[in-house]
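1. A structural model of the following input is requested.
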Amino acid sequence: MTALPSEPPDSVSAPKGNAASQSLLNSAWERHRVYSQNATKSQERFLAVERLITLLALLVVVLAVVHPVVLRQMAASEGPVDLNNQLPLSLIFGPPQHVGLGVLNLLLIIIPITMTALRAFAVKFSRGNSWVILRGNAEALKMEIFYYRTQVKQYQSDRNTQLAEKIQQISQRLKGSVVHQRALFPYENQRPTHLRLGVVFWAVSRLWNWGQQLTHYVWEFFFAVNEAADSLPKEPDRTSDLDPENYIKYRLDDQFDWYRRKARSYDRQHQLLQTSVYIFGGFGTLLAAIGFQSWVAVTATLAAALVNYLEYRRVEVTLMGYNQSADALYDIRTWWYSLSAAEQASFNNFEKLVVNTEETIRSEHNSWLQDMQDRLADLYESKRKGEISAPYVKVADPKSAEAPLKEKTPPEALPEGKPDLPPPYPEHPLDADTRPSNL
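-> Residues are numbered from 1 along each chain as shown. This next block holds a predicted model:
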């Protein structure tokens with residue numbers, strides 16, 4: 001009689017009698033959706049304000065360069081006329097030939113005021129901080145859901161209680177933060193609502209929406225590098241327990257493909273935008289050499305806008321993090337496929353697969369969160385002090401052919417600490433080392 005193959009010595013049977021609660025898991029997924037959607041909204045609003053301020057700064061420089069040109073042309077056609085001391089409205093409602101100058105003067109007054117208001121708005125509502133905190137909560141909850149569905153680590157027994165406690169811990173991170181200074185919408189199973197606005201608020205909201213759309217269109221037209229891709233297959237049942245095959249398909253492979261796609265997109269952005277910075281710098285030198293020194297300020301501001309965009313989007317740093325995490329996930333998957341059928345049947349090996357995958361994703365996201373928190377600390381602190389920093393640009397001296405691209409905040413002016421933001425993730429039994437262990 002043939003002897004059956006012995007079970008690997010480290011084999012542990014999957015937990016039994018630890019049934020999942022469908023209602024609890026659905027609630028966890030719904031909470032994840034709320035965090036994710038509101039994080040996306042905060043991100044879009046944060047980027048819209050930053051882009052709008054950058055474009056307005058560029059427009060101010062262009063108008064400042066055009067202004068003396070208009071004055072010279074009017075002086076040549078009308079003779080020596082002192083128009084500098086006249087109010088913009090008196091020029092607009094004056095002779096027809098002065099209307100253009102009046103509009104130009106009015107824009108040079110209105111746009112800086114608008115930029116100041118937008119800076120105050122960005123500091124007050126802290127959309128960037130809301131985006132980072134909510135995204136951190138969404139990813140932390142998603143990781144706990146996959147631990148729950150694979151029944152590893154602390155979820156091997158009484159996993160419903162463990163998940164409920166984790167949801168509560170993650171929710172506690174929002175208390176006292178900027179997220180609770182405004183309403184999350186939509187919330188869990190919330191019915192859709194409709195706003196009824198007065199005429200003034202309706203007009204302001206329409207103007208704001210049009211401004212956002214125009215800013216997005218202009219930025220996308222000139223600077224965007226987007227990559228269209230087919231949507232990945234969605235998991236048919238997100239409440240069932242996962243075996244190794246489905247875990248690799250719907251978690252590891254899904255995250256690996258996402259890292260690779262984003263890395264390609266960020267790589268194109270970094271190369272094209274960095275090349276554009278060099279082109280604008282060289283073009284500014286050319287303009288200075290052929291006698292158009294005043295226009296050097298425009299090319300320098302364009303270059304500074306692209307540099308600042310690369311900085312507050314953290315393109316290069318994020319690209320490196322995505323590539324490293326994708327390589328780590330690839331190595332984990334290769335390790336799993338190298339195991340024999342008997343070794344893949346070992347629950348200990350399955351647990352190692354899950355833990356290493358989740359900790360790889362977590363390590364990358366922790367690095368991103370910390371980097372964004374540091375960046376936002378610099379950005380908001382410099383705005384509170386009234387300093388000019390990214391994404392705001394310093395207008396270069398038109399008389400200088402080698403004007404600096406931007407003015408950096410000196411080290412002594414940076415805040416002695418970070419804003420009151422929570423840590424990237426709540427306490428976890430694996431926090432001793434967030435890097436993936438050796439396989």
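2. Helices along the stretch 151-300 of the chain, start to end?
-> Ranges of helices in the stretch 151-300 of the chain, per DSSP state H, counting those that start in this stretch, are 159-172, 199-223, 244-247, 253-289, 296-312.
3. Which of those helices comes out lowest on mean pLDDT?
-> Mean pLDDT is lowest for helix 199-223 among these, at a mean of 80.
4. quick one on the thing from earlier: now, of the helices of the stretch 151-300 of the chain, which is deepest in the fold?
-> Scoring the helices of the stretch 151-300 of the chain by mean neighbour count under mean count of other Cβ atoms under 10 Å gives helix 296-312 as the most buried, with a mean of 23. In this view, the C-beta of every residue, glycine as well, is placed from N, C-alpha and C.
5. Now do that helix and helix 199-223, the angle between them.
-> 100 degrees (axes from the mean of the first three to the mean of the last three Cα atoms, to 10 degrees).
6. Could you dump the helices of the stretch 151-300 of the chain into CSV and include distance to Ser77?
-> What follows is the helices of the stretch 151-300 of the chain, written out as CSV (distance: least, Cβ to Cβ, whole Å):
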stretch, distance to Ser77
helix 159-172, 68
helix 199-223, 33
helix 244-247, 76
helix 253-289, 26
helix 296-312, 25
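7. Minimum distance to Val99: which of those helices has it?
-> Ranking the helices of the stretch 151-300 of the chain by proximity to Val99 (Cβ to Cβ) places helix 199-223 first, at 23.3 Å.
8. now the angle between helix 253-289 and the closest one, please.
-> Angle of helix 199-223 versus helix 253-289, following the same axes, to 10 degrees, is 80 degrees.
9. Can you give the contact residues for helix 199-223?
-> Ala48, Arg51, Leu52, Leu55, Leu197, Asn226, Leu273, Ser276, Leu306, Tyr309 (Cβ atoms under 8 Å, 6 or more residues apart in numbering).
10. Equivalent analysis for stretch 137-155, please.
-> Taking Cβ under 8 Å, 6+ apart as the rule, stretch 137-155 contacts 14-15, 18, 20, 25, 28-29, 31-32, 35-36, 39, 159, 162-163, 166-167, 170-171, 173-174, 240-242, 247, 251, 350-351, 354-355, 358, 361-362, 365, 424-426, 429-430.
11. tell me the domain boundaries of the chain?
-> According to automatic domain parsing, the chain is divided into the following domains: 20-189, 242-419+430-439.
12. Least reliable of those domains by average pLDDT, please.
-> domain 242-419+430-439 - the lowest mean pLDDT of those, at a mean of 77.
13. tell me how far that one is from the chain's mean position?
-> On the basis of Cα atoms, centre = their mean, to the nearest Å, domain 242-419+430-439 sits 10 Å off its chain's mean C-alpha point.
14. picking that back up, which of the contacts of stretch 137-155 count as buried?
-> Among those, those buried by neighbour count (16 or more other Cβ atoms under 10 Å) are 20, 25, 28, 31-32, 35-36, 39, 159, 162-163, 166-167, 170, 173-174, 241-242, 247, 251, 350-351, 354-355, 358, 361-362, 365, 424-426.
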